[in-house]
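Asker: Generate coordinates for the sequence data below:
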Amino acid sequence: MNLVQITPGAGGMYCGNCFRDNALVAALRRQGHDTVMVPLYLPMTLDETSSTAGTPTFFGGINVFLDQKSALYRGAPSWLRQLLDSPALLKWAAGKTAKTRPDDVGELTVSMLQGELGNQARDLDELAAWLQQLPRPDVVFLSNALLAGFARQLKAALGCKVVCFLQSEESFLDSLPEPWRTQAWATLKERAPDMDGWISPSRYFAGRMAGRLGLTPDRIQVAPNGISLAGYDSLPPRLAKRPGDDLAIGFFARMCPEKGLDTVVDAFIEVRRRGRVPQVKLRIGGGCGPGDENFVARQKDKLSAAGLSAEATFHPNLSREDKVAFYAGCDLLSVPARTSESFGLYVIESLAAGTPLVQPDAVTYPELLAATGGGVISGPDTAVALADAWEPLLLDPARLRSLGDAGRTAVHARYNDDAMALGIARVTEELISKKSP
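Answerer: Numbering: from 1, shown residues only. Just a heads-up that it's a prediction; the model follows:
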């Protein structure tokens, strides 16, 4: 197949969607599909070789912002717009994203969802014109539903099908202030029928988004995510620890309230207060941008007040090699996200290293842990419930190893990047053979 993948970049922040899309494109290429990856907004920060090499960045973040703010600027000469899309300026803009006001983000989100009717119509025209110079694609993939406004224009310009992935956009849209939240959901629901197909990484999220977008369940296909196993496949086998050995609980995701870092910190303090596992430590890793620093500082203050500062370490924005080592250095992992997760890439990353998980009875976690056998469900999403589930596992290293080994076997067999690409290619070929809705 001839494919195009359109993916927003997150600037200086690590982004799970970027990792997933980048790995997908690389795997599709290995499997013989001619696939072009097109970045949007800002450069991607990746821990693998980028699949966007040689492709310009469209909808450059500075131009998109100025298009939103100024009707006069929308008619600016092309040389000026090209200047503001320079890699150096986009890199500078990436450092400013954490200071963007919520109202600005909400208004811009609605405009982007309006596609050819929004303030970024010129940017969409430029993208469509560039894609017209390439061999005609069979399908254009949109990384997430926030790009749904592209579908009408791209289908008309390219004469191909457009398929949208679902990747945690629900929590972003729900976080917008009013009136933008209501307007964004209404606009997305209006644009949803424009898609020739939707692909969700989990059954849970497929059902949830079908309801919110007013789609029949058959409109959303399920193809699980996968990761590159580079680095994970060379980890040595792990042996069960002996009672009394040092243990480490891990958290690896963006260091923010939405991912439940504070719940993990509170649960760790509770476990240490009980005193049955005095040798356990806490390791916290993941993305940490300027907007997260105050929250992280409050977690460090809590640990200090409990006398546990020396028992917890923070590892922000790790390289891929260090990320693999981080997972391998934990005995169990928990990321009790409060918002709706479409998948939870950290689940399979942790299991790829042989580290089992304890997760709340929420979102995709029961589905993923049942499919992999790589962990236990704690029950309610509370610090006490998490501590109650951690303790017996920490006191039973043999069971920890059994869960970790089962999860690692499942991920290496069924949740690698090649398996993901095969699943998405199969679903895509089925969609190509169908008439457009």
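
Asker: rest of the way, CA atoms for contacts and neighbours
Answerer: Noted.

Asker: which residues does Asp417 contact?
Answerer: Counting by C-alpha atoms under 8 Å, 6 or more residues apart in numbering, Asp417 touches Ala23, Leu24, Ala27, Asn225, Gly226, Ile227, Ser228, Leu229.

Asker: Give me the pLDDT value at the first one.
Answerer: Ala23 is assigned a predicted lDDT (pLDDT) of 92.

Asker: go on, the fourth one?
Answerer: Looking at Asn225, its pLDDT reads 96.

Asker: One more: the third one?
Answerer: Turning to Ala27, the model gives it a pLDDT of 96.

Asker: Which helix or which strand is home to it?
Answerer: helix 16-30 (DSSP states H and E).

Asker: Following that helix in sequence, what is the next regular element?
Answerer: For helix 16-30, the succeeding helix or strand toward the C-terminus, using DSSP H and E, is strand 34-40.

Asker: Selecting buried members of the contacts of Asp417 in ChimeraX, what would you type?
Answerer: Buried subset of these, written as a ChimeraX selection, criterion 16 or more other C-alpha atoms under 10 Å:
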select :23,24,27,225,226,227,228,229
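
Asker: would CSV of the contacts of Asp417 with distance to Arg401 be doable?
Answerer: CSV is the format used below for the contacts of Asp417 (distance: C-alpha to C-alpha, whole Å):
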residue, distance to Arg401
Ala23, 28
Leu24, 30
Ala27, 30
Asn225, 24
Gly226, 22
Ile227, 22
Ser228, 23
Leu229, 20
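
Asker: follow-up on the earlier one: the helix holding Ala27 packs against which elements?
Answerer: Helix 16-30 sits against strand 2-8, strand 34-40, helix 417-433, with contacts defined as 3 or more C-alpha pairs under 8 Å, 6 or more residues apart in numbering; DSSP states H and E.

Asker: Provide the backbone phi and psi angles at the residue nearest to Cys256 when sequence neighbours are not counted.
Answerer: Spatial nearest neighbour of Cys256, excluding adjacent residues (C-alpha to C-alpha, 6 or more residues apart in numbering): Asp292 at 6.0 Å. With angles defined as degrees, to the nearest 10, Asp292 sits at phi -100, psi -10.

Asker: quick one on the thing from earlier: C-alpha coordinates for the helix holding Ala27, PDB please?
Answerer: Output in PDB follows, covering the C-alpha atoms of helix 16-30 (Å, rounded to 0.1, in the frame of the first residue of the first chain):
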ATOM      1  CA  GLY A  16       3.600   8.600  23.500                       C
ATOM      2  CA  ASN A  17       1.600   9.200  20.400                       C
ATOM      3  CA  CYS A  18       4.800  10.400  18.500                       C
ATOM      4  CA  PHE A  19       6.600   7.300  19.700                       C
ATOM      5  CA  ARG A  20       3.800   5.000  18.600                       C
ATOM      6  CA  ASP A  21       3.400   6.700  15.100                       C
ATOM      7  CA  ASN A  22       7.100   6.700  14.500                       C
ATOM      8  CA  ALA A  23       7.400   3.000  15.300                       C
ATOM      9  CA  LEU A  24       4.400   2.200  13.200                       C
ATOM     10  CA  VAL A  25       5.800   4.000  10.100                       C
ATOM     11  CA  ALA A  26       9.200   2.300  10.500                       C
ATOM     12  CA  ALA A  27       7.500  -1.100  10.700                       C
ATOM     13  CA  LEU A  28       5.100  -0.500   7.800                       C
ATOM     14  CA  ARG A  29       8.200   0.400   5.700                       C
ATOM     15  CA  ARG A  30       9.900  -2.800   6.700                       C
END
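
Asker: buried residues in it?
Answerer: 16-29.

Asker: and it, how far from the chain's centre?
Answerer: Computed by C-alpha atoms, centre = their mean, to the nearest Å, the chain-centroid distance of helix 16-30 equals 12 Å.
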